[in-house]
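**Q** A predicted structure for the sequence below; I have some questions about it.
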Amino acid sequence: MSRRPPVNRRDSRRAHAPQRANAPQRRAHGARSSSATGQRAARRRPDVSKVSTQRRLRTISRDESTPRFSVADHRRRLRVMIIAIVGCLVLLGIRVIDIQTQEGDLYRAAAADQWTRSSTVTADRGTIFDRNGEELAVSIPSSTISINPKLIDDPAATLAVLTSVLGLDADEQQRLSEAMEAKDRGFVYVRRQVDAAVGAQLADLRLSGVNIDDEPRRVLPGGDTGRSVIGLTDIDGVGIAGLELGYDALLTGSSGSLTREVAPGGRSIPGTETVTQEALAGSDLVLTLDRSVQFACEDALITQVSAIGAKAGTCIVMEAATGDLFAMASVRRDADTGEVEITSGNHAAVDVYEPGSVAKVITVAAGLDSGVVGPNTTFVVPWRREYGEDLLEDSHQHPDEEMSVRQILVESSNIGTIDIQTATGRPRHWEYMRLFGLGETTALDFPGESAGILKHWSDLQGSEQVTVSYGQGMASTPVQLVSAVNVIANDGLYVAPRLVRGVVDTAGGISASDPSATHRVVSPLTAEVMRDIMVDVVCAGTATRAQVASFNVAGKTGTGLKAQENGTYEDEFGQRAYYASFVGFFPAEDPQFTVLISIDEPPAGTINRFGGTAAAPVFARLVPTIAHEVGIQPPDTAPACGA
């Protein structure tokens, strides 16, 4: 068998290619030929998987041998990184500058809020003094206790300590316990304005979440003395009644502020308090009241109202020449306890009543001053007379009697007073009533002060046209009435009542109040004649119980009927209520003080319902006390009422 010559592999593949293409034709010649041909083709075909693997290896070998980045790429990346870093630093610097300048205050405040607390420093309210420099109302240091429930770790223990120190009642304990458990609020009052020593005791315990703040408390050093005039402040120190209300803007100072550092538990760190704004105290008020005279009036009223079973009482002491009020007192029986107490309201300026026969002073003075009557002019006076549809009467039955003007006032005849008014003329009489200060508020400008009730003469109907002559059908406040009668004591000159002498500012400067306004009402001669007649009222008339051993006094009683809810002077049971008064002055020879005493609803049906029995005795008890306190010596004259 001859050997074939070697054949090139590539040529061999080329040579066999046509045979693979004609393979389907050869299969037709027989299985043997086809099988042999397929075996030869299989031996010559390369392994595809091996070839692919070799190609991948060669590719990987080429990639590893070729550098991934060039030097230029490295430099480019470095520049980008440097620019990014510099940009970040620039932005950071701009932000730092912005924080330090534009938003610095905001962030400093936010930081401070985390370790400091700010609180308001309440300014001291101005002190109210009497005319002698005695304190009537003053603010004293006290402590207000509060809690922050969110900062309290042991509610039970904290509540136990607060209860022990402050003496909390069951309701207070329940309220605080609920607040501590809920922890939904950051501030809850425990108790306000406790004694400063108690606040210091709690502060020493350093309880977490318990705050002790200074807060002034308003007190009256003289107890309730002057309370009716001074008025009230609420717990926040804001005036709500009386002079505290009327002069609230002047008495109120400017609050300051204080910061303090706090520990993580919310407890204040002692010694870290810093006042950021000083509090400025309010100005002080100097009144015309004399605390001793005021106390004497209140005490006398309480004694009399309690003794006779009356409802209330009022006392006013006015200096005749200046209008200064040395006392202005009001007392009232408590409806629940029956105790007679000094009122918180100034009924002497706020309440009105029909003054009754005290108003006869105005009617008689008007007749004398207008010249239509003299002190000895007489009228025939019956004990009752019909006016319109009403039958008017004197206080007691008497036969028709020729009575002088003097006698009419001394015996307090209603019918005789109407005759004097008729002689004067109703329009002129009304004008005198206005001159005496009725029908308008006084110069006190007291909060809630009433103007009284005085209809124009042309508006009066029926018997009211004449009953105003003796104080029915019109109404006045006690301060209006005492100012009216003081015209006679002050030589016919009306002087407006005054309660404030001056103001002391925060620098200690004193600003005196303007003197009271005055105007002429009647002539000095008329006033002198009236004083003489009013001395007779005390010596021989309806006010004998007003007599004073050491002084000659003058005055006039009044027993006014109180209007009932049904519009008449009798209630549904036919009962009447009275308002008993006495207004007098002393010494009669040279009046220094005019004093009004009014007793509201003395017991009807008894002797004590009259001004001469219910009010005049209080005047008599007060005159020596007033004279002693202000230093008035009895004049060296004979007793007007005899030995």
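**A** Thanks, I have it.

**Q** Unless I misread the structure, Gly223 falls within a helix.
**A** No. When DSSP: H, G, I helix; E, B strand; the rest coil is applied, Gly223 is found to be coil, with no helix at that position.

**Q** count of neighbours near it?
**A** Residues contacting Gly223 under the criterion other C-beta atoms under 10 Å number 11. For glycine as for every other residue, the C-beta is placed from the backbone atoms N, C-alpha and C.

**Q** Let me see the contact set for it.
**A** Neighbour list for Gly223: empty [criterion: C-beta atoms under 8 Å, 6 or more residues apart in numbering].

**Q** hmm, try it at 10 Å
**A** Contacts here follow C-beta atoms under 10 Å, 6 or more residues apart in numbering; on that basis Gly223 touches 295, 298, 342.

**Q** go on, Ala580?
**A** Taking C-beta under 10 Å, 6+ apart as the contact definition, Ala580 lies against 308, 310, 313, 356, 557-560, 597-602, 608-616.

**Q** cutoff 7 Å now
**A** 559, 599, 602, 609-611, 614-615 (C-beta atoms under 7 Å, 6 or more residues apart in numbering).

**Q** And Ser357, by the same measure?
**A** Counting by C-beta under 7 Å, 6+ apart, the residues that Ser357 touches are 412, 470-471, 556-559.

**Q** Tell me the most packed of these, by neighbour count.
**A** Compared across the contacts of Ser357, Lys556 has the highest neighbour count, 33 neighbours, by other C-beta under 10 Å.

**Q** chain center to the longest helix seen in the chain, what's the gap?
**A** Counting residues, the longest helix found in the chain (DSSP state H) is helix 71-101. When C-alpha coordinates are averaged (C-alpha atoms, centre = their mean, to the nearest Å), helix 71-101 and its chain have centres 64 Å apart.

**Q** Now it: average pLDDT?
**A** Taken as a whole, helix 71-101 carries a mean pLDDT of 80.

**Q** so Thr506, which of the three states?
**A** Secondary structure assignment for Thr506 (three-state DSSP): coil.

**Q** Strands of the stretch 451-600 of the chain, residue ranges please.
**A** With DSSP state E, counting those that start in this stretch, the ranges of strands along the stretch 451-600 of the chain come out as 493-495, 500-504, 510-512, 518-520, 554-561, 578-586, 593-600.

**Q** Okay, and Leu325 sits in which element?
**A** strand 325-333 (DSSP states H and E).

**Q** Give me the contact list for that strand.
**A** Looking at what lies outside strand 325-333 - C-beta under 7 Å, 6+ apart - the contacts are 228-229, 288-290, 293-294, 297-298, 301-302, 305, 311-319, 340-343, 345-348, 497-499.

**Q** out of those, which are inside strands?
**A** Residues of the contacts of strand 325-333 located in strands (DSSP state E): 312-319, 340-342.

**Q** Make a markdown table out of the residues you listed and add pLDDT.
**A** What follows is the ones in strands among the contacts of strand 325-333, written out as a markdown table (pLDDT from 0 to 100):
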| residue | pLDDT |
| --- | --- |
| Ala312 | 97 |
| Gly313 | 98 |
| Thr314 | 98 |
| Cys315 | 98 |
| Ile316 | 98 |
| Val317 | 98 |
| Met318 | 98 |
| Glu319 | 98 |
| Val340 | 97 |
| Glu341 | 97 |
| Ile342 | 97 |
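
**Q** now, which of the residues you listed sits nearest Ile533?
**A** The shortest approach to Ile533 among these belongs to Met318, at 20.6 Å (C-beta to C-beta).

**Q** so who does the closest residue to the closest one other than its chain neighbours touch?
**A** Excluding the flanking residues, the one nearest Met318 by C-beta to C-beta, 6 or more residues apart in numbering is Thr594, at 4.8 Å. Contacts for Thr594 (C-beta under 7 Å, 6+ apart) come out as 318, 320, 482, 485-486, 489, 583, 585.

**Q** Which of those sits closest to Asp248?
**A** Closest to Asp248, out of all of these and judged by C-beta to C-beta, is Met318, at 25.6 Å.

**Q** so what's the closest one up against?
**A** With C-beta under 7 Å, 6+ apart, Met318 has these contacts: 325, 482, 486, 497, 593-594.

**Q** ok, so what distance separates it from Glu589?
**A** 18 Å (C-beta to C-beta, to the nearest Å).

**Q** what does Glu570 give?
**A** Noted for Glu570: a distance of 43 Å to Glu589, by C-beta to C-beta.

**Q** Same check on Ser370?
**A** 26 Å.

**Q** swap in Arg77?
**A** Distance of Arg77 to Glu589, given as C-beta to C-beta: 120 Å.

**Q** Compare those two (neighbour count), which wins?
**A** Higher neighbour count among Arg77 and Glu589: Glu589, with 15 against 11, using other C-beta under 10 Å.

**Q** residues contacting Ser463?
**A** Taking C-beta under 7 Å, 6+ apart, one finds 387-388, 390, 392 in contact with Ser463.

**Q** follow-up on the earlier one: by neighbours, which of the contacts of Thr594 wins?
**A** Most neighbours among the contacts of Thr594, by other C-beta under 10 Å: Val583, with 33 neighbours.

**Q** Look up the residues forming beta bridges with it.
**A** Lys556, Leu596 (DSSP bridges).

**Q** what sits against it?
**A** Residues near Val583 by C-beta under 7 Å, 6+ apart: 358, 481-482, 485, 555-556, 594, 596.

**Q** quick check, nearest of the contacts of Ala580 to Val352?
**A** Checking these one by one against Val352 (C-beta to C-beta), the nearest turns out to be Ile599, at 15.8 Å.

**Q** The closest one: neighbouring residues, count only.
**A** 28.

**Q** Now stretch 604-621: average pLDDT?
**A** 96.

**Q** actually stretch 282-293, sorry about that
**A** On average, stretch 282-293 scores 97.

**Q** end-to-end on it?
**A** 27 Å (C-alpha to C-alpha, to the nearest Å).

**Q** when you give positions from now on, start the count at 15
**A** Renumbered: residue one is now 15, and that last one reads stretch 296-307.

**Q** what residues does it touch?
**A** 137-146, 148, 150, 236, 239-240, 243, 257, 261, 264-267, 331, 338-342, 512-520, 640, 643-644.

**Q** try stretch 581-591
**A** Residues outside stretch 581-591 that contact it (C-beta under 7 Å, 6+ apart): 575-578, 580, 615, 618.

**Q** Alpha carbons of that stretch, as PDB, please.
**A** Provided in PDB are the C-alpha atoms of stretch 581-591 (Å, rounded to 0.1, in the frame of the first residue of the first chain):
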ATOM      1  CA  GLY A 581     -92.400 101.900  92.700                       C
ATOM      2  CA  THR A 582     -94.000 103.100  95.900                       C
ATOM      3  CA  TYR A 583     -92.800 103.600  99.500                       C
ATOM      4  CA  GLU A 584     -94.500 100.500 100.800                       C
ATOM      5  CA  ASP A 585     -93.800  96.900 100.000                       C
ATOM      6  CA  GLU A 586     -96.400  94.300  99.300                       C
ATOM      7  CA  PHE A 587     -97.000  93.900 103.100                       C
ATOM      8  CA  GLY A 588     -97.500  97.600 103.600                       C
ATOM      9  CA  GLN A 589     -94.100  98.000 105.300                       C
ATOM     10  CA  ARG A 590     -91.800 101.000 104.900                       C
ATOM     11  CA  ALA A 591     -88.000 101.200 104.900                       C
END
